[in-house]
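*Asks:* below: sequence and its predicted model.
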Amino acid sequence: MSVSQTPSMPRRTMLGPLANLPIYAKLILAFLFVAAFATLTVIYFTNQAAADNLLLTVGTTLRARAVAHAQTIDNLLRDRVVGNLQTLALADQIENAVAKQNSEYTGGIPQIRAEIGQIDRQWVAAADSHPMIESRLFNAVADNLRQYRSKFVDHTEIFVTDRYGALVSATNRTSDYDQSDEEWWQKTWNNGQGAVYIGQPEYDDSARAYSIVVSVPIYARSSGDLIGVLRTTYLLTSILDVISSFEAAETGRADLYLPGDKVLPHDDLNDVQFSPDDTADLKTLENLPYGQITLEGDSVLATQVPLASVTQLDYVANLGWTLVIHQDVTEAFAPLAGAAQASVLAGGVVMIVAMALVFVVAQIIAAPIRRLSATARQIAAGDLSARADIASRDEIGQMAQTMNEMADQLQDLINTLEARIASRTRDLETAAQVNAQISTILDTDRLLQDVVDLTKERFGLYHAHVYLLSEDGRALILTAGAGHVGRQMVSEGQRIEMQNPQSIVAQAARTRQIVTVNDVSASPSFLPNPLLPDAQAEQAIPLIARGQLLGVLDIQSARVNHFTQDAQSTIEVLAGQIATAISNARLYEAAERTSRHEKALGSIDRKIQEAVNMDEILQATVRELGKALRVPYTAIELQLQGEDETSQ
């Protein structure tokens, strides 16, 4: 019986045919794809960037021109209209005529208003040839006003009123003699404070044009008091000239938008009302320098500049006028069509050149990749001496250089691993030797001195010293220091307060953590010592035994970055051994003191038992206490009852 086994077929993937192609063929396909994608991407983003730049250029230009036109309108209103009218109001002839008429009134305000009302009724009913009419139209002031009108032809009607609104002089017959009930007069009089007034545009049938009412206060120059009002009807011809002067290709246009959703017509006699949709679109531009909106049914690039944003005058800002400049989007972006065609043509040329070059480049790139792959297989097989022999400076050359550097590092790592292990072993042996020498020392002072001397010597340090915690726990007392300098510092009684923010020794004690400063010149917490001028790095290790902080081992090096992580772990082990030795020495000293005191008490007790009188008892007690306490002088004072003297 025979059994046949069908070999398993490799799993096919969508990219299976491509996987078996030579690398140069893959590079050709990849380069062609990348070139096509890059070309199309460049064309797209180039056109997009061109569109953005064109939008920025056109929008910025429209904005700048809109601001300039708005400032021109502001200057025109300020200088040519209001400024010239205020200059006219300063004429002596006008001031004298107004002051004279004001002085002719008698009685109180009710009597004056009644008198003006009677004259007003007569004025309305009188013929043009009536002396009362002619007295206001044909006098020196009226002649002066007509001369002003002939010089500044945009003024169609100019007249002057006194402080009560009564007519003083006029270029034309007015419909009323009393002007005090008119809005322009009341706002100009402003309760006697005076203010410049400019009204909204209105259509003037006689002039067949739009005009505005402008009025200014008349002040007495000697006293500064408000004495009357000078008013004119000003044609908007000059303002319309400013608006119409804007030109931007064929569709560029400037419009002056008025309150009440109106637009000042350029030449039509009727107001142009714009739709709520236009209002909503314009509101989107309130916080933008320019933007694309729909205006009057057309897609336009527009910008708006309220006159209030370019003027410093309240009477201009209060008008609520906004200058809107817009241009059809199609016309604004017309230059993009030619740029797009040029981009496509350039892209086609690039693709043809790329296809010619890609075959050559693919072979050039594939050869070093093959050599690089062979070198990588040698290194993976364990031949760390293999190196990629590729001298080019392109990405493949950089990859080869990186692979060679990696092989060098790997070889160095293996070669230096034993040295690192030996160095760590030496450190551990050094710590063990130091521990072996100090573990048998039970005298604390000698123990600490040997610790700092051995630590400095065996670990090749610049200095080492030990601080012990004071009894109250508020300070660290320098107890032992290596060498002559260390003993000098100890003799000076140096101490560091636990809360000292500039000491890493205090910081290590507070946090019970190792504190390392590998460059003391850059550390704000380093506390310099003039006796140790060459200290470049410092490490403070807390000494903790049985959960109790005993002090701090402080070591210093004359080299920056001396204290590595490997060395720190060794020092940490040594610090634990030192703390245990200190704790054991203290326990031994305490036990020795207790034993000595007990022996002294026993000796004193025996001597007392052997004594036959009080003097021998006292002498024995003093002598044995001195021996036990190890003091040079001991005395006992007794106060005998009934005696004034003290026996010693």
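*Replies:* Yes, it's here. A quick note: this is a predicted structure, and the numbers were derived from the prediction, not measured.
*Asks:* tally of neighbours for L319?
*Replies:* Other residues near L319 come to 22 when the count uses other CB atoms under 10 Å. All C-beta atoms are positioned from the backbone trio N, CA, C, and that covers glycine.
*Asks:* pretty sure it contacts L307?
*Replies:* Yes. Taking CB atoms under 8 Å as the contact criterion, L319 and L307 are neighbours in contact, 6.4 Å apart.
*Asks:* next SSE after the biggest helix by length in the chain?
*Replies:* In the chain, ranked by residue count with DSSP state H as the criterion, the top helix is helix 23-75. Towards the C-terminus, the helix or strand next in line after helix 23-75, according to DSSP states H and E, is helix 84-89.
*Asks:* show me what that next one is in contact with.
*Replies:* By CB atoms under 8 Å, 6 or more residues apart in numbering, the list of residues contacting helix 84-89 from outside reads I94, L145, Y148, F152, V196, V214, V216, P217, I218, Y219, L230, T232.
*Asks:* repeat that with 10 Å
*Replies:* Surrounding helix 84-89, the residues in contact under the criterion CB atoms under 10 Å, 6 or more residues apart in numbering are 94-95, 98, 144-145, 148, 151-152, 155, 158, 160, 196, 214-219, 228-232, 234.
*Asks:* whichever of those end up buried, select them in PyMOL.
*Replies:* Buried subset of the contacts of helix 84-89, written as a PyMOL selection, criterion 16 or more other CB atoms under 10 Å:
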select buried, resi 94+95+98+144+145+148+152+155+158+160+196+214+215+216+217+218+219+228+229+230+231+232+234
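*Asks:* in strands, which of the contacts of helix 84-89 fall?
*Replies:* Counting by DSSP state E, the part of the contacts of helix 84-89 found in strands is 155, 158, 160, 214-219, 228-232, 234.
*Asks:* and of these, the nearest to I43?
*Replies:* Proximity of those to I43, judged by CB to CB, is greatest for Y234, which lies at 56.1 Å.
*Asks:* what pLDDT does that closest one get?
*Replies:* Listed pLDDT for Y234 reads 94.
*Asks:* do Q273 as well
*Replies:* pLDDT, Q273: 58.
*Asks:* now whichever strand or helix holds L357: average pLDDT?
*Replies:* In this structure, L357 is located in helix 335-380 according to DSSP H and E. Mean per-residue pLDDT for helix 335-380: 74.
*Asks:* can you list the helices and strands that it packs against?
*Replies:* Contact partners of helix 335-380 among helices and strands, from 3 or more CB pairs under 10 Å, 6 or more residues apart in numbering; DSSP states H and E: helix 23-75, helix 395-438.
*Asks:* to A506, which of those helices lies closest?
*Replies:* Using CB to CB, the helices and strands packed on helix 335-380 put helix 395-438 closest to A506, at 25.0 Å.
*Asks:* I'd like the next helix or strand past the closest one.
*Replies:* Heading towards the C-terminus - elements assigned by DSSP H and E - helix 395-438 is followed by helix 444-458.
*Asks:* buried stuff in that following helix?
*Replies:* Counting neighbours by 16+ other CB under 10 Å, the buried set in helix 444-458 is T444, L447, L448, Q449, D450, V451, V452, D453, L454, T455, K456, R458.
*Asks:* same for that helix, what does it pack against?
*Replies:* helix 395-438, strand 463-469, strand 475-481, helix 483-491, strand 548-557, helix 565-610.
*Asks:* out of these, deepest packed?
*Replies:* Of all those, strand 463-469 has the most neighbours on average by mean count of other CB atoms under 10 Å, namely a mean of 24.
*Asks:* which ones are touching Q619?
*Replies:* Applying CB under 10 Å, 6+ apart, the residues near Q619 are K607, A611, N613, I636.
*Asks:* buried among those? Need that as a selection in ChimeraX.
*Replies:* Below is the selection syntax for ChimeraX that covers the buried ones among the contacts of Q619, with 16+ other CB under 10 Å defining burial:
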select :607
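*Asks:* among the contacts of Q619, which two are most distant?
*Replies:* By the measure CB to CB, those have their two most distant members at N613 and I636, which lie 15.0 Å apart.
*Asks:* coming back round to it: between helix 23-75 and the helix holding L357, find me the angle.
*Replies:* Using axes from the mean of the first three to the mean of the last three CA atoms, to 10 degrees, the inter-axis angle of helix 335-380 relative to helix 23-75 is 140 degrees.
*Asks:* how far off centre is helix 335-380?
*Replies:* Mean C-alpha position of helix 335-380 versus that of the full chain (CA atoms, centre = their mean, to the nearest Å) differs by 43 Å.
*Asks:* least reliable of the helices and strands packed on helix 335-380 going by mean pLDDT?
*Replies:* Per-segment confidence across the helices and strands packed on helix 335-380 bottoms out at helix 395-438, which has a mean of 68 in mean pLDDT.
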